[in-house]
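> Predicted model follows, preceded by the sequence.
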Amino acid sequence: MVFYFKARPEAGDYTIFMGLDKYENEELIKYGFPEDIWFHVDKMSSAHVYLRLQKGQTIDDISEGLLEDCAQLVKANSIQGNKVNNIDVVYTPWSNLKKTSSMDVGQVGFHNSKMVRTLRVEKRINEIVNRLNRTKVERTPDLKERSSQCSGKS
């Protein structure tokens, strides 16, 4: 099960999504798209939240409002991170995620730590979280199939 959210309208037509649990996150890690940017609360357990950029866009093209939507969603979906103020959210392109066989389910590292950015989130903003939750849709996509269609693999 993957949860999909619509970003703030003024940001443009962007989809934000996250897995139901660590097993779903494992699939999202494995079958991401080159346009995906991964978000997570730093040094705490949290949901893996992804932002799908438009083709040709890079991490530098993400607006402040769009970053705030993703960071608030990650914070709200972290048991520990949701309870405290002044947390850091890390984000990086999906292609920078590194998964080895020795890692726990849902755990990732990075190929290049210089590609990881950090955003400070002072507090939860319920107005943003509630707006995103009103757009929430649950789907069960075939991530492997969608990934191979995107990359042209068979």
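Right, received. Where do you want to start?

> Tally up the residues packed near Phe2, please.
Not quite, residue 2 is Val, not Phe. 18 (other Cβ atoms under 10 Å). For glycine as for every other residue, the C-beta is placed from the backbone atoms N, C-alpha and C.

> among the helices and strands of the protein, which one scores worst on average pLDDT?
Using mean pLDDT, DSSP states H and E, helix 143-151 stands out as the lowest-scoring helix or strand of the chain, at a mean of 49.

> Past the top helix by length along the chain, which element shows up next along the chain?
Criterion DSSP state H: the longest helix present in the chain is helix 64-76. Sequence-wise, the next helix or strand downstream of helix 64-76 (DSSP states H and E) is strand 87-93.

> okay, the angle between that next one and helix 64-76?
Strand 87-93 runs at 120 degrees relative to helix 64-76, counting by axes from the mean of the first three to the mean of the last three Cα atoms, to 10 degrees.

> which other helices and strands contact strand 87-93?
Contact here means 3 or more Cβ pairs under 8 Å, 6 or more residues apart in numbering; DSSP states H and E; on that basis strand 87-93 packs against strand 36-41, helix 64-76, strand 117-121.

> Could you list the low-confidence segments of this protein?
Scanning the chain for pLDDT under 70 picks out the ranges 141-154.

> tilt between the longest helix of the chain and strand 117-121?
70 degrees.

> May I see the buried residues of helix 64-76?
66-76 (16 or more other Cβ atoms under 10 Å).

> mind putting those residues in TSV, distance to Asn126 included?
Formatted as TSV, these follow (distance: Cβ to Cβ, whole Å):
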residue	distance to Asn126
Leu66	19
Leu67	18
Glu68	13
Asp69	13
Cys70	16
Ala71	14
Gln72	9
Leu73	12
Val74	15
Lys75	11
Ala76	9
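
> Which secondary structure elements does the longest helix of the chain sit against?
strand 15-19, strand 36-41, strand 49-52, strand 87-93, strand 117-121, helix 126-134.

> Now the fourth one: buried residues?
Within strand 87-93, the residues that qualify as buried by neighbour count (16+ other Cβ under 10 Å) are 87, 89-93.

> of those, closest to Ala11?
Tyr91 (15.3 Å; Cβ to Cβ).

> for the closest one, what are its contacts?
37-40, 59, 67, 70, 116-119 (Cβ atoms under 8 Å, 6 or more residues apart in numbering).
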